[in-house]
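Chemist: here is my input; please provide its structure:
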Amino acid sequence: MKIFILLISLATVLIFGCTKEKVEPMVVGKISSEEIPDQESWNSTVFISDSGKTRAILHAGNLKVFSKTKETLLDRNIKIDFYNDDGIKTTTLTSKRGKVDERTNNLYAMDSVVAKNDSGIVINTDEMMWRNKDQKIVSDKFVKINTPSESIEGYGFESDQHLRNYVIYNITYVTIPDTI
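Modeler: This is a model prediction of the structure:
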């Protein structure tokens, strides 16, 4: 009896499962080839070196390379560690997203950007760029700098990548914390 029920079930599946209708996959026609990256990787680590020395290490949750526009988009918690000539990590820059211009090798950090160095200097802004040609960190946005000895706010910022020598161009606020 069990075999009879199994045969009836199998015959029913074969009869009703075979139809003359072709099932076509759904095609989304509104995506252009420029929107699709040439390469994509997840949880990526990129080493940036010069003359055999590590200058920076970039970590990105998602990395998309677009050859036609010569840019790489970075997403999902970006972190860049900068190193001095002795190979010692001096600065860490974090943001939610960013991009690399492959023509200049400039790196743009966007959305909740924080740069910290080993001396206790912390810089907060919405957007910051690491300029490859002179290895400077710059921003034309509002920035807040907190050091162990002062807090400064303003618009426009430039610094070496180790945050040792920095300038705020349009200072709007300065305070010196009380020392006890």
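
Chemist: what is the neighbour count of S151?
Modeler: 14 (other CB atoms under 10 Å). (C-beta placed from N, C-alpha, C; glycine too.)

Chemist: can you check the one 5 residues further on too?
Modeler: Neighbouring residues of G156 were enumerated by other CB under 10 Å; the total is 15.

Chemist: could you do the one 3 residues further on as well?
Modeler: Residues lying near S159 (other CB under 10 Å) number 23.

Chemist: distance of the spatially closest residue to it that is not a sequence neighbour relative to M110?
Modeler: Of all residues not flanking S159 in the chain, Y166 sits nearest, at 3.5 Å (CB to CB, 6 or more residues apart in numbering). According to CB to CB, to the nearest Å, Y166 and M110 sit 20 Å apart.

Chemist: follow-up on the earlier one: what's the pLDDT at the residue nearest to S159?
Modeler: At Y166, the model reports a pLDDT of 91.

Chemist: what's near enough to touch it?
Modeler: Contact partners of Y166, counting by CB atoms under 8 Å, 6 or more residues apart in numbering, are 121, 123, 145, 157-160.

Chemist: recalculate using a threshold of 10 Å.
Modeler: Neighbour list for Y166: 115, 117, 121, 123, 136-137, 143, 145, 147, 152, 157-160 [criterion: CB atoms under 10 Å, 6 or more residues apart in numbering].

Chemist: could you dump the host helix or strand of K144 to CSV, C-alpha only?
Modeler: Element membership for K144 (DSSP states H and E) is strand 136-146. In CSV, the C-alpha atoms belonging to strand 136-146 read as follows (Å, rounded to 0.1, in the frame of the first residue of the first chain):
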residue,chain,number,x,y,z
LYS,A,136,49.0,65.8,3.8
ILE,A,137,45.6,65.4,5.4
VAL,A,138,43.3,68.3,4.4
SER,A,139,39.6,69.3,4.7
ASP,A,140,37.6,72.4,3.8
LYS,A,141,34.7,71.3,6.1
PHE,A,142,34.1,72.1,9.8
VAL,A,143,36.7,70.4,12.0
LYS,A,144,37.1,69.9,15.8
ILE,A,145,40.6,69.3,17.2
ASN,A,146,41.0,68.0,20.7
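
Chemist: tell me where this protein has strands.
Modeler: Counting by DSSP state E, the chain has strands at residues 39-50, 53-66, 71-83, 89-101, 106-117, 122-131, 136-146, 151-160, 166-175.
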